[in-house]
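>>> Predicted structure and sequence below. I'll ask about it afterward.
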Amino acid sequence: MFIVIYRFSVKAKEHDQFKKAWKELTKLILNYSGSYGSRLHKENDSTFIAYAQWPDEISWKMGFDKLPKQADIFSKQMQNSCDKIETIHKMDVVEDLLKK
């Protein structure tokens, strides 16, 4: 399994817009791209962290090409809600003790 962790610096008045766009885009990624899904976490007042699971790195790299055009709308909304978006980690799972 391949994991990607993102950091989003969200503008002060854009939290709701960001969360809605993240959720809709993530649902499309889950349904069209082969992703195992994602979780969104709030680190502090302006920083959100997303943890995404994929079967492997190739699926992650190729998955976004499978998205419908509608995904562009949610992606732009997320970008407009943020001051900065970073991919902070790309990792392979070596042990998994999370409950499923």
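On my side now, so go ahead.
>>> so where's the longest strand in this protein?
strand 82-92 (DSSP state E).
>>> what distance separates that strand from the middle of the whole chain?
9 Å (C-alpha atoms, centre = their mean, to the nearest Å).
>>> Where does the prediction get shaky in this protein?
Across the chain, the ranges flagged by pLDDT under 70 are 100.
>>> Nearest the middle, which residue of it would you pick?
Ala50 (5.3 Å; C-alpha atoms, centre = their mean).
>>> and it, what does it touch?
Ala50 sits next to Ile5, Tyr6, Phe8, Trp22, Thr26, Ser38, Arg39, Leu40, His41 when contact means C-beta atoms under 8 Å, 6 or more residues apart in numbering. Where C-beta positions appear, they are placed from N, C-alpha and C, glycine not excepted.
>>> Find the nearest non-adjacent residue to it, please.
Sequence neighbours aside, Tyr6 is the residue nearest to Ala50 in space, at 4.5 Å (criterion: C-beta to C-beta, 6 or more residues apart in numbering).
>>> Give me the three-state assignment for the one you found.
The three-state label given to Tyr6 by DSSP: H, G, I helix; E, B strand; the rest coil is strand.
>>> tilt between the longest helix along the chain and strand 82-92?
For the chain, the helix that runs over the most residues, judged by DSSP state H, is helix 15-32. Put simply, helix 15-32 runs at 40 degrees to strand 82-92, going by axes from the mean of the first three to the mean of the last three C-alpha atoms, to 10 degrees.
>>> How about residues contacting helix 15-32?
Here helix 15-32 has contacts from 8, 10-11, 35-38, 40, 48, 50, 52, 63-64, 66-68, 70-71, 74-75, 77-78, 80-82, using C-beta under 8 Å, 6+ apart.
>>> can you do 10 Å?
6, 8, 10-11, 14, 35-40, 42, 45-46, 48, 50, 52, 54, 60, 63-68, 70-82 (C-beta atoms under 10 Å, 6 or more residues apart in numbering).
>>> Return the subset of the residues you listed lying in strands.
Those of these lying in strands (DSSP E): 6, 8, 10, 37-40, 42, 48, 50, 52, 54, 82.
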